[in-house]
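A.B. asks: Okay, here's the prediction I keep looking at, along with the sequence it came from:
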Amino acid sequence: MRSTTLLAICGAAVLAAPVAQADTMHPELGAKLAGMGEHGVVNLQVKSHDLCWTFDLAAKGLTAASIRDSAGMVVAKLGANYSAKNCAMLSQKALGTIDAKPGSYMVWVDTKGHPGDLRGTLFAGMAHM
């Protein structure tokens, strides 16, 4: 009887863990972007499986944006092409990984001439100019 009760409690805790993780995720992440004499910000919002973004950039010729790890590997593409404001569906695993250590990831914005021309490290909270 005791082992059955203990097993039920452990099972309930395991099932509740992903729900608790989703509730504790940062609702907003931001990054201050700079490079090649340009600067701006991006603010990201986590909405269920969607990651929504709003860029505030004055640079011209922007082609793509992504979130990358410290080795420069793409963790999430922010759309197929650059868009100042949009949303993309990401897996819970990708969202959880980024949210767990935002400072380990950078937002890269590519221009026609240079990939990752504008870059900035993510942090919890909103970025302001």
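C.D. replies: Nice, I can see it.

A.B. asks: residue ranges of the helices in the chain, please?
C.D. replies: Secondary structure of the chain by DSSP state H: the helices cover 2-24, 92-100.

A.B. asks: By mean pLDDT, show me the worst of these.
C.D. replies: Ranked by mean pLDDT, the helices of the chain bottom out at helix 2-24, with a mean of 41.

A.B. asks: Need the CA coordinates for the longest strand along the chain. CSV is fine.
C.D. replies: In the chain, taking DSSP state E as the definition, the longest strand is strand 38-47. Provided in CSV are the C-alpha atoms of strand 38-47 (Å, rounded to 0.1, in the frame of the first residue of the first chain):
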residue,chain,number,x,y,z
GLU,A,38,24.3,50.4,-36.2
HIS,A,39,22.3,49.6,-33.1
GLY,A,40,18.8,48.7,-32.0
VAL,A,41,16.8,46.3,-29.8
VAL,A,42,14.7,43.2,-30.1
ASN,A,43,12.0,42.1,-27.6
LEU,A,44,10.8,38.5,-27.5
GLN,A,45,7.6,37.2,-26.0
VAL,A,46,6.9,33.6,-25.2
LYS,A,47,3.3,32.6,-26.0
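
A.B. asks: That one: how far from the chain's middle?
C.D. replies: Here the centre of strand 38-47 is set off from its chain's centre by 9 Å, with C-alpha atoms, centre = their mean, to the nearest Å.

A.B. asks: which strands and helices sit next to it?
C.D. replies: Applying 3 or more C-beta pairs under 8 Å, 6 or more residues apart in numbering; DSSP states H and E, we find strand 38-47 packed against strand 28-35, strand 50-57, strand 118-121. The C-beta positions use only the backbone N, C-alpha and C, and glycine is treated the same way.

A.B. asks: Same question for the last one: list its buried residues.
C.D. replies: Burial within strand 118-121, assessed by neighbour count using 16 or more other C-beta atoms under 10 Å, is assigned to 118-120.

A.B. asks: What mean pLDDT does it get?
C.D. replies: Strand 118-121 shows a mean pLDDT of 96.

A.B. asks: ditto for the first one
C.D. replies: Confidence over strand 28-35 (mean pLDDT, whole number) is 96.

A.B. asks: what's the distance between the residue positioned nearest the centre of the chain and Asp69?
C.D. replies: The centroid of the chain falls nearest to Ile98 when counting by C-alpha atoms, centre = their mean (5.3 Å). Look at Ile98 and Asp69: by C-beta to C-beta, to the nearest Å, they are 9 Å apart.
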